[in-house]
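A.B. asks: What follows is a predicted protein model with its sequence.
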Amino acid sequence: MTILIVDDDSSIVGALRLLLTSEGLASHACASPREAIEAVGRESFDVALVDLNYLDDTTSGKEGLALVRELKAIAPHLPVIAMTGWGTIGVAVEAMREGAVDFLEKPWDNHRLLNVIRTQMRLQATDRRARRLEAENEALREEGGQAGIVWRSPAMGQLLDIATRVARSDMPVLITGENGTGKSLLAHFIHERSSRAEGPFVAVNMGALAETTFESEMFGHTKGAYTDAKADRVGRVELAEGGTLFLDEIANLAMPQQAKILRLLEERVYERLGSSNARHADVRFISATNADLDALIAERSFRQDLLYRLNGVTLHMPALRERREDIPLLADAFLKRARTRYASPATRFSAAAERALLAYAWPGNIREMQHVIERSVLLAQGEAIGDGDLQLGGSLSSGAHDDIDGLTLEEVEDWFIRRTLAQHSGNANLAAKALGISRSALYRRLGRQEPT
Ligand SMILES: Nc1ncnc2c1ncn2[C@@H]1O[C@H](COP(=O)(O)OP(=O)(O)OP(=O)(O)O)[C@@H](O)[C@H]1O
């Protein structure tokens, strides 16, 4: 913690330094604006105490004001406190206009001076924390980008944050969510952030495995294990050794196969078909489903003990209509991808197309959106993709498309928020949840004060 003092009066500098030292605060003094600029370029300070009047021009404060301006330019986060002689309050006000955060009149009151410095240091620390969080957020967003996850909504931010933390453990993860919401993508995201990232990521669609070949596919077989087994075969579990085994569509497993997966999760051992050699499964399990497993358990088509083993942690992917903030960003990302692939002239969406993208309910979620945009890129005649090119069918979320025709994107957002609020009988908590935003974000967007 170092305070920069800029003053050409050495007795003032001496008194200030004495006061600061007695409070345990380090300081660095400069006798001229030029020296101060050099010092700030060299090292970082927590607060600057800047005199506005210098020897050759003791009243106008011009030199001091120029210094405040310059300091804000080279160190925008440095809080500058202006000091002026008695009776020159007008200059102090100008200094605040230039970016000073506060001012003190000379002779100063020690108590007030320390108070002002402490307040600025506290604010500075809060600011620094906020900037760090923002930078981390940005990094997370970029990392998400690497894994191909495009997002902007707070709901996705929170989910990726938890996923990042969960990734570091070896705990089994169950990902739930509707079709096409990005469950597989999230499984990759977790793998890439785990200690197994260097190992393989093996995905198996449980719904696509025939019951008859299930064991051979999953656990492998030895030559001669059955009539067609002409050679040894490595199963998926073994392929995933040292990495992640992603069991997709887990609800589609038939009961007998559920017992086999349960044993694998419980005992971490398996045998190749035709061999009695028990092999240890060094894999991390991630599973996914779009089904309501509790309902399946209630109707006895899914084992409760298997669910317990699978859901060390459950992560729920929100449907696209629950995180509409992501729609414009996703649409742009898919447009960019598709236009490169098809060498299309389309570079943007028309205002009407943007409105249509936002108003549509997306029952097939992001996968559906990807297809819709690819098709529209192919259909588009010029630079702008029209709403007609999207060929969005009946699934408008409102059923009242006319309501929003002719509105701007901002107006559509406002309309949508109000409609969601109405659907939830004015309950802001429920509406915010449905929209995938925080309650305060909801009020902010409506331009209203959040009631406390
Ligand atoms: N946030 C996202 N950013 C970019 N692309 C995404 C995002 N979420 C999903 N996708 C893309 O959408 C498609 C569907 O995603 P994915 O296969 O992960 O969904 P899923 O939930 O596993 O679907 P299903 O339940 O049908 O298996 C993929 O092509 C994926 O790359």
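C.D. replies: Right, received. Where do you want to start?
A.B. asks: hang on, isn't residue 358 packed against residue 413?
C.D. replies: Yes - taking Cβ atoms under 8 Å as the definition, residue 358 is a contact partner of residue 413 at 7.5 Å. Placement of C-beta: from N, CA and C, glycine included.
A.B. asks: neighbour count winner among the two?
C.D. replies: residue 358 (20 against 17; other Cβ atoms under 10 Å).
A.B. asks: you'd agree the more buried one is in a helix?
C.D. replies: Yes - according to DSSP: H, G, I helix; E, B strand; the rest coil, the state of residue 358 is that of a helix.
A.B. asks: what's it in contact with, if anything?
C.D. replies: Counting by Cβ atoms under 8 Å, 6 or more residues apart in numbering, residue 358 touches 324, 327-328, 409, 412-413, 416.
A.B. asks: again with residue 215
C.D. replies: 221, 260, 273.
A.B. asks: Could you give the number of residues near the last one?
C.D. replies: Looking back up the chat, that one is residue 273. Residue 273: 20 neighbours (other Cβ under 10 Å).
A.B. asks: Not counting sequence-adjacent ones, nearest residue to it?
C.D. replies: Among residues not flanking residue 273 along the chain, residue 221 sits closest, at 3.7 Å (Cβ to Cβ, 6 or more residues apart in numbering).
A.B. asks: bridging residues for the one you found?
C.D. replies: Counting by DSSP bridges, residue 221 forms beta bridges with residue 233, residue 273.
A.B. asks: Was I right to think residue 180 contacts residue 372?
C.D. replies: No - judged on Cβ under 8 Å, residue 180 makes no contact with residue 372 at a distance of 11.5 Å.
A.B. asks: And the closest residue to the ligand within the chain, its phi and psi?
C.D. replies: Nearest to the ligand in the chain, going by Cβ to the nearest ligand atom, is residue 182, at a distance of 2.7 Å. For residue 182, the backbone dihedrals are phi 110, psi 30 (criterion: degrees, to the nearest 10).
A.B. asks: Same check on residue 344?
C.D. replies: phi -90, psi 150.
A.B. asks: Spatially nearest residue to it (excluding sequence neighbours)?
C.D. replies: residue 377 (4.8 Å).
A.B. asks: Contacts (any at all) between the ligand and the host helix or strand of the one you found?
C.D. replies: Assigned by DSSP states H and E, residue 377 falls within helix 365-379. Yes - using Cβ under 6 Å from any ligand atom, we find that helix 365-379 touches the ligand at 366-367, 370.
A.B. asks: for the stretch 151-300 of the chain, what are the low-confidence residue spans?
C.D. replies: For the stretch 151-300 of the chain, no stretch is flagged by pLDDT under 70.
A.B. asks: which residues in it form strands?
C.D. replies: 173-176, 201-205, 220-221, 233-234, 244-248, 269-271, 278-280, 284-289 (DSSP state E, counting those that start in this stretch).
A.B. asks: residues touching residue 278, list them.
C.D. replies: Neighbours of residue 278 in contact, by Cβ under 8 Å, 6+ apart: 269-271.
A.B. asks: Likewise for residue 312?
C.D. replies: Taking Cβ under 8 Å, 6+ apart, we find residue 312 in contact with 171-174.
A.B. asks: can you rerun that using 10 Å?
C.D. replies: 166, 169-174, 265, 284-286 (Cβ atoms under 10 Å, 6 or more residues apart in numbering).
A.B. asks: returning to that earlier point: can you select the buried ones among the contacts of residue 358 for me in PyMOL?
C.D. replies: Buried residues within the contacts of residue 358, by 16 or more other Cβ atoms under 10 Å, are selected in PyMOL with:
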select buried, resi 324+327+412+413+416
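A.B. asks: Need the contacts of residue 358 in JSON lines (columns: pLDDT and secondary structure).
C.D. replies: As requested, these are exported to JSON lines (pLDDT from 0 to 100; DSSP: H, G, I helix; E, B strand; the rest coil):
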{"residue": "324", "pLDDT": "92", "secondary structure": "coil"}
{"residue": "327", "pLDDT": "95", "secondary structure": "helix"}
{"residue": "328", "pLDDT": "93", "secondary structure": "helix"}
{"residue": "409", "pLDDT": "75", "secondary structure": "helix"}
{"residue": "412", "pLDDT": "75", "secondary structure": "helix"}
{"residue": "413", "pLDDT": "79", "secondary structure": "helix"}
{"residue": "416", "pLDDT": "78", "secondary structure": "helix"}
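A.B. asks: ok, residue 179 - how many residues close by?
C.D. replies: 14.
A.B. asks: With the flanking residues excluded, which residue is spatially nearest to it?
C.D. replies: residue 290 (5.1 Å).
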